[in-house]
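Peer 1: just a sequence and a predicted model for now, questions to come.
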Amino acid sequence: MKIVIAILIFSLIILIHEFGHFLLAKKNGICVLEFSLGLGPKLCGFQKGETFYCIKALPFGGECRMLGEDEDEEAQNAFGKKGVWARISVIAAGPVFNFILAFVLSVLVISLDGYDAAVVHQLAEVPVSADASGEAVMEESPLKAAGIKKGDEIKAINGETIHLSREISIYLQFHNSKDDLTITYERDGEEREAVVTPKYSQEAKKYMIGISGLGIREKGNPLEVLEYSVYEVRYWIVSTFKSLGMLLTGKLGVKDLAGPVGIVDVIGDTYDQAKSSGALMVLLSMLDMAILLTANLGVMNLLPLPALDGGRLVFLLIEAVTGKRVSTKVEAVIHFVGLMLLFALMIFVMYNDIVRIFVS
């Protein structure tokens, strides 16, 4: 069941991504030779018009193969014969459709389960040390000491906008220090500011501001559902960029990456934790996983790396600015090298997943 659910989630995300390319290609009069779900040998398919639709053996990929995408082609319905902005729209459509899917799924989740506004539901003392008997010595919540009360809504921390309670947790995770925090909050419709000094918790081994009850969800009206669905997508996009930043600065290593095997394992663990709470909780948990993964895929595909959509967009933007197209053969070689490096990374990550799950 876990594997089936994982394949369904992967298939939905990939299908929507490739459908974005497919739809914009058709809208711009580009011939789509093949629209496939999966990689490797073909399992089944059918021809309709100029396009062959098929399912392939490995359920972790897909393709929208267009005429003249990677080679020179004289036909007027070839990818390369269309204007540069038409080609940009086709390539960008895949990641954009991933973000649209994330928004649609967020609307569904928030409609069913509500949203987690950045409201202070509870102030908590911080265990700063231990006495001679080993009992924790508690000190007043830094938020309370700064004048923030239960019911106040956090709007920003050090100028960084906050909408969801999870964004408070993420901010504190990425900025774990004793430095003062300037917190903007709203009380009775009025915005105020407070300077909060985090306290180091010997028990938690990190700096804390004395807030608990994060993640409590509340139902909203249709406009609030739409508003917080946008915040939900923004949260996952920003979190992905921050994680990439930590990877580039060495705070995370390549071994912290997860491939298909690792993701299936996480989906399985999430399923196991949710199933005891009933079918609705399983559905919400799987939808949350799908939101995370589709937003992540959208961001990753926009990175300016060869073989990814972002890499293709770099060449197209160069053409848009200079008015000159980079040689199709040169671009194809660069993307091929990038693809081989990407496959090598995927093999390493998959090996790392297997060792971590089955050996460690």
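Peer 2: Ah, there it is.

Peer 1: not counting its neighbours along the chain, what's nearest the residue nearest in space to the middle of the chain?
Peer 2: Nearest residue to the geometric centre of the chain (CA atoms, centre = their mean): N296, 2.8 Å. If you skip the residues right next to it in sequence, N296 has T240 as its closest partner in space, 5.1 Å away by CB to CB, 6 or more residues apart in numbering. Placement of C-beta: from N, CA and C, glycine included.

Peer 1: same thing with K219?
Peer 2: Counting by CB to CB, 6+ apart, G114 is the residue found nearest to K219 once chain neighbours are left out, at 4.4 Å.

Peer 1: give the contact list for that neighbour.
Peer 2: 217-220 (CB atoms under 8 Å, 6 or more residues apart in numbering).

Peer 1: of the residues you listed, which is the nearest to D353?
Peer 2: R217 (31.4 Å; CB to CB).

Peer 1: so which residues of the stretch 201-350 of the chain form helices?
Peer 2: In order along the chain, the stretch 201-350 of the chain carries the following helices (DSSP state H, counting those that start in this stretch): 222-248, 260-275, 279-301, 309-322, 328-354.

Peer 1: tell me the most buried of these?
Peer 2: helix 279-301 (a mean of 19; mean count of other CB atoms under 10 Å).

Peer 1: per-residue confidence at W85?
Peer 2: Each residue has a pLDDT score; the one for W85 is 96.

Peer 1: check which helix or strand it maps to.
Peer 2: Applying DSSP states H and E as the criterion places W85 in helix 84-113.

Peer 1: what residues sit buried inside that helix?
Peer 2: Residues of helix 84-113 classed as buried under the neighbour-count rule (16 or more other CB atoms under 10 Å) are 84, 86-103, 105-110, 113.

Peer 1: tilt between that helix and helix 279-301?
Peer 2: Calculated by axes from the mean of the first three to the mean of the last three CA atoms, to 10 degrees, helix 84-113 forms an angle of 160 degrees with helix 279-301.

Peer 1: who are the packing partners of helix 84-113?
Peer 2: Applying 3 or more CB pairs under 8 Å, 6 or more residues apart in numbering; DSSP states H and E, we find helix 84-113 packed against helix 2-27, helix 222-248, helix 279-301, helix 309-322.

Peer 1: after that helix comes which helix or strand?
Peer 2: Toward the C-terminal end, the helix or strand that comes next after helix 84-113 (DSSP H and E) is strand 122-123.
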